[in-house]
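**Q** From the sequence below, what's the structure:
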Amino acid sequence: MFRLLIRIKRFAKKKLKLSGTVRHTSSRDKLLYKSVLILVIGLMITLLYPQQQIFQAVSIPRLDEIAREDIVAPFAFEVKRPQDQVDREIRDTLDNLPVILNYNFGLYENVYSSIGTFFSHVRDLKESNLPLARKVDSLNSIKEDVDIAVLRELLKSNHLDTTENRLLKTIESIYQLGVLPDSIDLSEYNFNFAQVRKKQQQLRTPVENILTVGQTRDIFMERAESDTIFPHSPQGFASLGYSFIKPNLSINMAATNLNKKNKLDAIPHIEREFKAGEVIIKRNTKADSWHIRSLEAMTAEQLESGRKGSFWQKLLPYFGRGSFILFALVMLAVFLANYNNRRMFSNPKFTAMMLIIVLEVVAVYVIDHELNLSVYLIPFAIGAILLTIMFDLATGIFTTLIMAIIVGILQNFNFATMLLAFFSGAVASLSVIRVHKRSDFYRSILYLTVFYLVAVYLMEALKFSTSDEIIPYLGYGMVNAVLSPIIAMGFLPVFETMFGITTDLTLLELSDMNHPLLRRLALEAPGTYHHSIVVGNLCEKAAEAIDANPLLARVGSYYHDIGKMEIPEYFVENSQGNKSKHDSLSPSMSALIISSHVKKGLDLADQADLPDVIMDFIAEHHGTTLMSYFYHKARELKSENGGEEVPEEEYRYPGPRPHSKETAILMIADSVEAASRTLEDPKPSRIRNLVKKLINEKFQSGQLSDSELTMRDLSIMEDAFTQRVLSAFHTRVDYPQKEEAK
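**A** Below is the predicted model of the structure:
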C-alpha cells in the first residue's frame, strides 16, 4: 500500500508538475482554491448529519444530561411506541391468530341420525326369517363400502345396542370440533390455531386437533382395539364407523382476514399525545430514554412540518449550522494566513488540514450516531497528533479548537463534548511537541491516559453519576488514550506521502549517514561530503538562533550538493591538490558544468523519492547568484579578443531564490564555509568581517528577498556563524619538544 502511494505521488509530480507550479501559483488562485475548498467542506460537514439532528432545537439535552430549563411542546405531536415493541406485538398477534372454520351442524345431525336408521334396519333384518345370505345382501345394498364379513357379524351379534351406543359416542367425539375434507391441509395456511364457529360457540384449538376425513379412521381403530364388542375384527368396526363420516367444516377466509385486520389495527402505535404548551421535561430533570424519545418525536414532527412549509423554513436550520461551521473554517484560514503564510497556508497543506477535520467529523458521526457508543470513545486526539507532528504546536492546538467548535455545533451545540474534544486534543498536541522516534508516541499514550482518567471522573461527577456508571466510562477513556496515538502513527506516513509533508520523524530517518545517497556521496565525492557535514552544523546553529527548524536545516544541508557526485573532479573540494579540470575548459563550459549539479541533484533526489522540502535545498541553495569567477574570466577573454559584452544570465545559477528561512540559511552557510577555507590568519575580527560581508552580498543582490528572514535574523545569524567558524579554527596548545639526548 505504501509503495502504491509513493508511485501515485511520483506520477502526480511528473504529470501535474506540482513541485514546480505550487510555488508559482498566484495569490489569487490560492485564495480561490481555499475559498472553494472551505465552502465544499462546510457544506459536506453540514449535510453529513441527519435532518433530525439539524432540525433539533439547541436547548434539547442529550441522554443522562440535566435539562437547564423547562422544555415545552410548541405544538401538538404524538410519541410513537418503539418500533421493536410494535414489531414484537405484531409477531405475537400473527402467531396467535386463528383460521376461522364454519361448522355445518345440520350435516352432523344427518350423520348422527343415519347411524340410528342403519341399526334399526339391522334389527329388522335380524328378526326376519330371511336366510342370512339375503340379510347380508340387503345390508350390503345400504352400505356398499363396508366389508360383507362385518355385516355378517353385525347380524349375528347379540350386542347391537351397545355397538350402536359406542359408535354414536365415537361420532359425537369426532364431531365435537368437526371434520375437514381431505382436500384441505391447514398447514399450508401458516396458522397455529383454528377457531370453529359452532352455533353460538367459538371453539379455539391448535390446528393439529382438527381432523380430516381420512384421520377419523385412526380414531375408530383406537376405540375398537380398546372395546370387546369386536374383539376379532377391530378393522371392521373402524370401517363401519368411517363409512358414516362426512366433512362438515369449511374455511371462512373472509372472516379470517377481517379478524386479522381487526387484531392488527388494535395494536397501539402511539404511546402518548402531547398538546401544545404541555411540559415535556422539567428543569433540572435528568433526561431518560422516555424524554429523549419524546424530544425526537417533536423534532420529527417539526421536520415534517418544515418539509410542508416554505423554502425558507426548510433552509433555515441548515443555513444556521452551516454558517457557524463556515465561520469556524474561515477563522482557521485567517489564522494560518497571518501566523505562518509560507509554510502552513500552501494548498496541499491546507487540504491536508481540511481532510483531517472531515475525518474527525466522520468519526464523531459514526461512533456517536450510527453505533451509538460513548462520547469517550471518540478519538479527538488523532487529528491533534497528526496536525502537531506535520506542522507545529500552534497550528495543532488552534486547528483542534476549530474542530472542537465544529463538533460542538454538530452535537447540537453541546458544550461538554466541545470541551472534551478541545482539551483531549490540546493534551495530545502537547505530548508530541518533540517526536524524534516512534517510541515517543508512548509518551502521548501516558499523557492521554492520565487526562481521560481525570476528565471522565470530573465530568461524570458533575452529572452526579454513580460509581457503577463511571467505571465503564473510565475504561472507554483508557481505550481511547491507547488507540488514538497508535492510529495516528499509522495515518502519518499516508498524509506525508499524499500531501508532500515532511515531519521530523522523516527528517531523522534522512539524517542517517547510512542513507544510500549519503554513503555514495562519501565514497564518490568525499570533499563534498565533508563540506556538507560542516555546512549542516553551521545551518543547525543558525537555525536554532533565529527560531527556524534546525533539524530541517541540517538534513537539507546534507543533501544539497548530491548532484556533484556525478562529476566530483570538477569541484574544487574534491580536487585533492590536482590540477583543476577547468583550466582546459572555456568559462561558459565550466559555468554550465558547475550549475548542472543543481539539476543532477534534483534528478537524484527524485529517483530516491526525497521529500519536496529537501529538494528545495538542492534547488535554492545557490539561488540565482552569479558564478563570478567564470564570469570575470569570460569578460577578460572577451576584452582581449575585442568581443561583445558577456551576458550575466549565462553565468547565473538556475534558481529559484530561497523561499524559506532554512534554505536561505543554507545559501549563506555554504558561502561562509567555502570562504572561511581561504583565510590564512583566521582571527575573530577577520572571520566576523568575512561573515558580515557575505551576508551583505546576499542581501544586496536580492537573493534573500523571497525568504522569511528579517534584518534581526541576519544580525543573529552573523553571530551564530562567527562563533561556529571560530570553534572550527580554534588554536591548540604548543607542546614543547623533548630535549634531544646528548
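**Q** Number of residues surrounding Leu371?
**A** Per other Cβ atoms under 10 Å, the neighbour tally for Leu371 reads 10. (Each C-beta comes from the backbone N, C-alpha and C, glycine too.)
**Q** repeat for Val36
**A** Other residues near Val36 come to 10 when the count uses other Cβ under 10 Å.
**Q** how much space is there between it and Phe350?
**A** Noted for Val36: a distance of 12 Å to Phe350, by Cβ to Cβ, to the nearest Å.
**Q** And Gly408, by the same measure?
**A** 23 Å.
**Q** same question, Ile382
**A** For Ile382, the distance to Phe350 equals 19 Å [Cβ to Cβ].
**Q** of these two, who's got more company?
**A** Neighbours per residue (other Cβ under 10 Å) separate Ile382 from Phe350, with Ile382 holding more: 25 against 21.
**Q** can you pull the contacts of the more buried one?
**A** Contact partners of Ile382, counting by Cβ atoms under 8 Å, 6 or more residues apart in numbering, are Leu359, Glu360, Ala363, Ala428, Ser484, Ile487, Ala488, Phe491.
**Q** What helix or strand is it located in?
**A** Here Ile382 is covered by helix 380-390, with elements defined by DSSP states H and E.
**Q** Distance from that helix to the middle of the chain?
**A** 16 Å (Cα atoms, centre = their mean, to the nearest Å).
**Q** CA atoms of that helix as PDB?
**A** Extracted in PDB, the C-alpha atoms of helix 380-390 (Å, rounded to 0.1, in the frame of the first residue of the first chain):
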ATOM      1  CA  PHE A 380     -10.400  13.500  19.100                       C
ATOM      2  CA  ALA A 381      -6.600  13.100  19.800                       C
ATOM      3  CA  ILE A 382      -5.900  11.600  16.400                       C
ATOM      4  CA  GLY A 383      -6.300  14.800  14.400                       C
ATOM      5  CA  ALA A 384      -4.400  16.800  17.000                       C
ATOM      6  CA  ILE A 385      -1.400  14.400  16.900                       C
ATOM      7  CA  LEU A 386      -1.300  14.500  13.100                       C
ATOM      8  CA  LEU A 387      -1.600  18.200  12.900                       C
ATOM      9  CA  THR A 388       1.100  18.900  15.500                       C
ATOM     10  CA  ILE A 389       3.600  16.500  14.100                       C
ATOM     11  CA  MET A 390       3.000  17.600  10.500                       C
END
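**Q** Now the element after that helix, going C-ward?
**A** Once helix 380-390 ends, the next helix or strand along the chain (criterion: DSSP H and E) is helix 393-410.
**Q** which residues sit against whatever helix or strand comes next after that following helix?
**A** Remark: after helix 393-410, the chain's next helix or strand is helix 415-431, criterion DSSP H and E. The contact list for helix 415-431, computed with Cβ under 8 Å, 6+ apart, reads 65, 375-376, 378, 380-385, 387-388, 393, 396-397, 400-401, 403-405, 407-408, 411, 443-444, 446-448, 451-452, 455, 459, 484-485.
**Q** returning to that earlier point: could you quantify the relative orientation of the helix holding Ile382 and helix 393-410 as an angle?
**A** Computed with axes from the mean of the first three to the mean of the last three Cα atoms, to 10 degrees, the direction of helix 380-390 lies at 150 degrees from that of helix 393-410.
**Q** tell me the mean pLDDT for helix 380-390?
**A** In this model, helix 380-390 has an average pLDDT of 93.
**Q** go on, stretch 241-258?
**A** The predicted model gives stretch 241-258 an average pLDDT of 92.
**Q** Cheers, nothing more for now.
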